[in-house]
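Asks: Sequence and predicted structure below; questions after.
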Amino acid sequence: DTGVSQDPRHKITKRGQNVTFRCDPISEHNRLYWYRQTLGQGPEFLTYFQNEAQLEKSRLLSDRFSAERPKGSFSTLEIQRTEQGDSAMYLCASSLDGAVNTIYFGEGSWLTVV
Amino acid sequence: QKEVEQNSGPLSVPEGAIASLNCTYSDRGSQSFFWYRQYSGKSPELIMSIYSNGDKEDGRFTAQLNKASQYVSLLIRDSQPSDSATYLCAVNMGQGGGNKLTFGTGTQLKVEL
């Protein structure tokens, strides 16, 4: 499978714990995005990388959230001190840099904070 | 005003009919437009993209773009029960929007037998 892959697919954690999600983009794609989606809403942008540089972060990304893409390949999204409001699907997507910016999503990582 | 607006639905159409899904956007500088299909519990799947005014057809799907009216639509001909899903309109607002997609809340489509 050469699509965007995410791990884990499902995570249940207790409030206050830290969680980390991993994303492996399509191999030739240099842009990587993180989105969050809650029930009944469209995906909301969190952050994006071009190669290893984090170029933009949403105001939604509080100081409890941190994302990295150390070698310009895979990326991690860490949530510290999880809260019940963090329960959502975390979507990773990737694209090629260029005039046409078609973004492809992974299967998503479901987070439930109890 | 939301940046990308869609009617949340549900939109119910009989099998074989044409389903028409609509989307408006606020940023006149928007450059590219996408429709994603999302089944319940799954991630969004790209089905159409459109970049210039007019119609673009791909199989049973036709995307329509009118930049002057800031309006983009998706027509699904010969609707099938398997088309029942939420359809997300997404807009790339270009440099000013940070080269990312901004999504609407989605329209739920139900195709009835």
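Replies: Structure's in. What do you need?

Asks: Would you mind naming what in chain A lies close to chain B?
Replies: A:31, A:33, A:40-45, A:48, A:55-56, A:89, A:91, A:100-108 (C-beta under 8 Å from any C-beta of the partner chain). Any C-beta I mention is one placed from the backbone N, CA and C, and that applies to glycine too.

Asks: now these: which count as buried?
Replies: Buried members of the residues of chain A next to chain B, counted by 16 or more other C-beta atoms under 10 Å in any protein chain shown: A:31, A:33, A:42-45, A:48, A:56, A:89, A:91, A:101-108.

Asks: taking the residues you listed one by one, which sit in strands?
Replies: A:Arg31, A:Tyr33, A:Glu44, A:Phe45, A:Tyr48, A:Glu56, A:Met89, A:Leu91, A:Tyr104, A:Phe105 (DSSP state E).

Asks: I figured the first one hits A:Gln50, correct?
Replies: Meaning A:Arg31. Yes: if you go by C-beta atoms under 8 Å, A:Arg31 and A:Gln50 touch, sitting 5.4 Å apart.

Asks: what sits in contact with each of those two?
Replies: A:Asp97 (C-beta atoms under 8 Å, 6 or more residues apart in numbering or on different chains).

Asks: got the residues of chain B near chain A?
Replies: Checking chain B against chain A by C-beta under 8 Å from any C-beta, the hits are B:4, B:8, B:32, B:34, B:36, B:42-46, B:49, B:51, B:88, B:90, B:92, B:98-106.

Asks: The same query, at a cut-off of 6 Å, please.
Replies: B:Ser43, B:Pro44, B:Leu88, B:Asn92, B:Gly98, B:Lys100, B:Leu101, B:Phe103, B:Gly104, B:Thr105, B:Gly106 (C-beta under 6 Å from any C-beta of the partner chain).

Asks: Please produce CSV containing those residues, extended by secondary structure, pLDDT and neighbour count.
Replies: Below are the residues of chain B next to chain A laid out as CSV (DSSP: H, G, I helix; E, B strand; the rest coil; pLDDT from 0 to 100; neighbours: other C-beta atoms under 10 Å in any protein chain shown):
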residue, secondary structure, pLDDT, neighbour count
B:Ser43, coil, 94, 22
B:Pro44, coil, 94, 29
B:Leu88, strand, 97, 27
B:Asn92, strand, 87, 24
B:Gly98, coil, 57, 16
B:Lys100, coil, 81, 24
B:Leu101, strand, 88, 30
B:Phe103, strand, 95, 24
B:Gly104, coil, 96, 24
B:Thr105, coil, 96, 18
B:Gly106, coil, 96, 27
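
Asks: Having no further points to raise, I will conclude here.
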